[in-house]
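Colleague: the amino acid sequence is not available; the structure is as follows:
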């Protein structure tokens, strides 16, 4: 396969390494690779990411910049731990099972697992043509990397940004650890949860204080019944009015809700009894539904507080607060002096002293997982007369991305935090200078996340990860954060380091990088500076893997500890370009920006990256998320084998914007091969075929001296001007990170080259002997193919390499590569915007004419009498008139005229676009349809071209845009038409006998060309052609147009025989015919 041969060539010729040392460097272009986790196999979605990451570095390398591409591996964290625990059969046992197995053994198993799929990642990376240095890849578990992370944490600690505190975090109870925002974002899915309204009965003295003459209850809404045993307060919204009311069916009852929610909750017939302000309700005490928890805390619990977080568009306007399980709950209760109570174990189960039992089964709820207890708790509420209503709510809820059946819970936990919330302004200022694609990410998804930023919960209560480098005095609580192993080993009274030394002596092959991991690092203690009799011991937590990844700009070099790392880092910071999936706004993008902003506040922004392309989600053939279960995608390697990696790459970046969701669709891959790559290669093969036939050499021979471009034919000057314009537009697009625009420009040029320039220039290559015109054609096409190879190299590196080396005549042992050449510059070719505009007008006229033919169902092979190109613009009309013969040839008509009168050839019917306008206009749509139908459609169209259609509808003036109307062209009798009021092409559809005979002759030409192709004849092979038919009309067509047939088929002899058609015969309305071809010797 050609691509595999090119891969071998790149490796043998060391092309990537050579690209790092351009003859004339124009500076450095810095790229950071977001490290994948190698203990998980790559999936088809990674094809897009690796393609986008390859395109921009290749482009900048070809502009003369030094573009290093260093790989990396994310080796720590839950993905690795979960995978290993599954293999060991201890996943369900949780942390206790891991500790029983032994942390040392477990972490060694994790290290053995981290590169399990490395070969698969390397194979995908290599096969798709992504140039990246994986031999020198960094890995986050390595000692030098971990020590860099330690240094970063020490810097933050010394600035007071790293601290220990209690906050509500998203907690994976079964795994016993908090998750980062990025991890949480991975696990959301739609679920159904209970939605209940329950009663909190007011104390009798508060009923009296509020002037109520009967027992009253607060109606409180919640979707988390399992949090009710930890309820500490009920919250109302300041400034809102509340009402005590009796439901229509129970006038003795008294329920308190927000006035604005009365009808929704109690019904339109509810009877208001008394009104209150939120301030009047504040401080009221109520009876709890469950009395578990610290009895000493009861005094300050179960009272009404107020806060703006209560929303009034759902629920009752009163919310239950459990500070252990919600950020707002924790904040409000903390500021309101409400005691903190948590009736839940860290593993998500109710404690042993939880005295409630399921009224249905009688079983104790102690030891039950919290969310599993919802139904039993609701039954208890109902039994106690506290349940007012019950329903279900469908909403999006997070599950652990590594254990998809485990729901996360919000849980107040003692953790280590980084004070990022105090740096929002700095984060936003840095972000404001980054170039994002799509641009809305800056102030939208990413900006919103930064504005809502809370302190970063940095610690994880797990095993395989960067140990948090914090040592605490066992007596005084004195805390130190250390920045390296050297700093630790230099501490006074050091103990425990000998454990690693002894183990290493026993097992010399033990990876040295394990020394800085648990449990070996946990064993090291030293004398406390605060108490000489006490020891400093490391806290047990490890560091969030996202912090690891955020440190990669400097940690990949071991900065600042490794000799030479300072220069390596400073020369490669910040990155000019990064790219990952849009979901990384809460992951790697955030960790990079946050860490860099905190550590390097004096650096000019933006850093640590200047630009970022956020790729969209890759979907399956059915438009759904890639799924092994649904089998809705093909293995990328199957696509590589069948169509080639370039076809896969091109389909991913040219069919839709790579920043939005798109499909890895085999049909699109096939189309990319057929419509782009094969079309390009067909032009290349055409050139090579005739260049070899004529002995063309751009440097020597009869055809080596073309005329100056200004003296060449119109087609030559046009295609070179198109090339110059294409280069300019593609460079602008790539500099602006606009991949879709760049690929469309490449495709447009290939279409222009293939379907216009080569097709219209074929006779020049077919002509005998050398001539100036032939030399011009060869040099023009050679220049176009050479530039195209360089232009397309970043997108389709294999095809570009093949094409360029064919043009260069590069054989075995020739190590030249297109990827070591310079990217084309617009000034390499003469620009002529006027000529480009002129030919664009001509091509548009041809395109409209072909559309008119298609509507009339008349094949292009059938000649027609006339095409009339009606143009409103005088200058445009003159352009068309200058090229009337060219247009006539393309449309296969005898004449082209340019009349002025549009209404002689077509009428226009204008209707409203119901899909666009339906919601906006509603019942007025019928009125609009009538108004549009009562006036000439051409008039409406002209108004659209002037800026819009102003319409008066029942006293309201609206302006319709082009996308809000639908236009139908109604050709006059005898014509078929396509276009608009600026340019309309009408073709005469009547076919007389003379035209029909020529059309039949062209059917014979098409059949003969197919036979030539089936015989494998070269473009230049001359033949003898035989035509057999019994039909007089078909014989007449062949006889009358014998010269045309011979010229088109390269037949020196055309014999027309009155005889029955041989098989396979071609069947037409007039009868059948057959063709036979005999190749003639070259001498003839």
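Modeller: Perfect, I can see it now. These numbers were taken from a predicted model, which means no experiment stands behind them. Numbering: from 1, shown residues only.
Colleague: contacts and neighbour counts: CA atoms only from here.
Modeller: Will do.
Colleague: name the spans of the stretch 151-300 of the chain whose pLDDT lies under the cut-off.
Modeller: Scanning the stretch 151-300 of the chain for pLDDT under 70 picks out the ranges 292-298.
Colleague: try it again at 90.
Modeller: Counting by pLDDT under 90, the stretch 151-300 of the chain has low-confidence residues at 165-170, 174-187, 189, 213-214, 248-252, 268, 291-300.
Colleague: likewise for the stretch 751-900 of the chain?
Modeller: Applying pLDDT under 90 to the stretch 751-900 of the chain flags the ranges 760, 762-774, 810-813, 870-879, 899-900.
Colleague: gap between residue 550 and residue 1068?
Modeller: From residue 550 across to residue 1068, the span is 70 Å (C-alpha to C-alpha, to the nearest Å).
Colleague: ok, the two, which is more surrounded?
Modeller: Comparing residue 550 with residue 1068 by other C-alpha atoms under 10 Å, the one with more neighbours is residue 550, at 23 against 11.
Colleague: tell me the contacts of the more buried one?
Modeller: By C-alpha atoms under 8 Å, 6 or more residues apart in numbering, the contact set of residue 550 is 588-596.
Colleague: reformat these as JSON lines; add neighbour count, distance to residue 461 and secondary structure.
Modeller: As requested, these are exported to JSON lines (neighbours: other C-alpha atoms under 10 Å; distance: C-alpha to C-alpha, whole Å; DSSP: H, G, I helix; E, B strand; the rest coil):
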{"residue": "588", "neighbour count": "23", "distance to residue 461": "21", "secondary structure": "helix"}
{"residue": "589", "neighbour count": "26", "distance to residue 461": "24", "secondary structure": "helix"}
{"residue": "590", "neighbour count": "22", "distance to residue 461": "22", "secondary structure": "helix"}
{"residue": "591", "neighbour count": "23", "distance to residue 461": "20", "secondary structure": "helix"}
{"residue": "592", "neighbour count": "21", "distance to residue 461": "23", "secondary structure": "helix"}
{"residue": "593", "neighbour count": "20", "distance to residue 461": "25", "secondary structure": "helix"}
{"residue": "594", "neighbour count": "25", "distance to residue 461": "22", "secondary structure": "helix"}
{"residue": "595", "neighbour count": "24", "distance to residue 461": "21", "secondary structure": "helix"}
{"residue": "596", "neighbour count": "24", "distance to residue 461": "25", "secondary structure": "helix"}
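Colleague: thought residue 107 was touching residue 75, still the case?
Modeller: No: using C-alpha atoms under 8 Å, residue 75 makes no contact with residue 107, being 11.5 Å away.
Colleague: what's the pLDDT at residue 80?
Modeller: Residue 80 is assigned a pLDDT of 90 by the prediction.
Colleague: packing partners of the host helix or strand of it?
Modeller: Using DSSP states H and E, residue 80 maps to helix 78-88. Counting contacts by 3 or more C-alpha pairs under 8 Å, 6 or more residues apart in numbering; DSSP states H and E, helix 78-88 is packed against helix 103-113.
Colleague: residue contacts, residue 660?
Modeller: Applying C-alpha under 8 Å, 6+ apart, the residues contacting residue 660 are 615-617.
Colleague: let's see that with 6 Å instead.
Modeller: By C-alpha atoms under 6 Å, 6 or more residues apart in numbering, residue 660 lies in contact with residue 616.
Colleague: going forward, count from 718.
Modeller: Right, with 718 as the first residue, what we last looked at is residue 1377.
Colleague: SS state for it?
Modeller: coil (DSSP: H, G, I helix; E, B strand; the rest coil).
Colleague: off-centre distance for stretch 1118-1126?
Modeller: Mean C-alpha position of stretch 1118-1126 versus that of the full chain (C-alpha atoms, centre = their mean, to the nearest Å) differs by 25 Å.
Colleague: for the most centrally placed residue in the chain, give me phi and psi.
Modeller: Centre of the chain computed as the mean C-alpha position; nearest residue by C-alpha atoms, centre = their mean is residue 1333, 1.3 Å away. When read as degrees, to the nearest 10, the backbone of residue 1333 gives phi -80, psi -180.
Colleague: what's the answer for residue 1770, then?
Modeller: The phi and psi torsions at residue 1770 (degrees, to the nearest 10) take the values phi -130, psi 130.
Colleague: ok, now which ones touch it?
Modeller: 1741-1742.
Colleague: repeat the analysis, applying 8 Å as the threshold.
Modeller: Residue 1770 makes contact with 1740-1742, 1763, according to C-alpha under 8 Å, 6+ apart.
Colleague: of those, which belong to helices?
Modeller: residue 1763 (DSSP state H).
Colleague: ok, and the most crowded of the contacts of residue 1770?
Modeller: Neighbour-wise, the contacts of residue 1770 (other C-alpha under 10 Å) top out at residue 1740, 23 neighbours.
Colleague: now that residue: how far from residue 828?
Modeller: On the measure of C-alpha to C-alpha, residue 1740 and residue 828 end up 70 Å apart.
Colleague: list the buried residues for stretch 1408-1415?
Modeller: Across stretch 1408-1415, burial judged by 16 or more other C-alpha atoms under 10 Å covers 1408, 1411, 1413-1415.
Colleague: take these and keep only those in helices.
Modeller: Secondary structure from DSSP H places 1408, 1411 of the buried residues of stretch 1408-1415 in helices.
Colleague: returning to that earlier point: what about residue 792 and residue 824, which has more around it?
Modeller: Using other C-alpha under 10 Å as the criterion, residue 792 and residue 824 rank with residue 792 on top: 26 against 22.
Colleague: correct me if wrong, but that one is in a strand.
Modeller: No: according to three-state DSSP, the state of residue 792 is coil, so it is not within a strand.
Colleague: tell me the contacts of it?
Modeller: 754-756, 828, 831, 856-858.
Colleague: tell me the pLDDT of it.
Modeller: 93.
Colleague: per-domain residue ranges of the chain.
Modeller: Split into domains by automatic domain parsing, the chain comes to 879-900+1128-1149+1171-1263, 906-1066+1076-1117, 1364-1541, 1623-1688, 1710-1796.
Colleague: dump these to TSV, plus distance to residue 837.
Modeller: Below are those laid out as TSV (distance: least, C-alpha to C-alpha, whole Å):
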stretch	distance to residue 837
domain 879-900+1128-1149+1171-1263	23
domain 906-1066+1076-1117	25
domain 1364-1541	18
domain 1623-1688	47
domain 1710-1796	41
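Colleague: neighbours around residue 740, how many?
Modeller: 10.
Colleague: mind checking pLDDT for it?
Modeller: Here the pLDDT value assigned to residue 740 is 78.
Colleague: what's the answer for residue 718, then?
Modeller: Predicted confidence (pLDDT) for residue 718: 57.
Colleague: what of residue 1452?
Modeller: On pLDDT, residue 1452 comes in at 96.
Colleague: how about the nearest residue to residue 1678, chain neighbours excluded?
Modeller: residue 1665 (5.1 Å; C-alpha to C-alpha, 6 or more residues apart in numbering).
Colleague: apologies, that question was intended for residue 1642.
Modeller: Nearest residue to residue 1642 in three dimensions, chain neighbours excluded: residue 1635, at 6.8 Å (C-alpha to C-alpha, 6+ apart).
Colleague: fine by me, we can end here.
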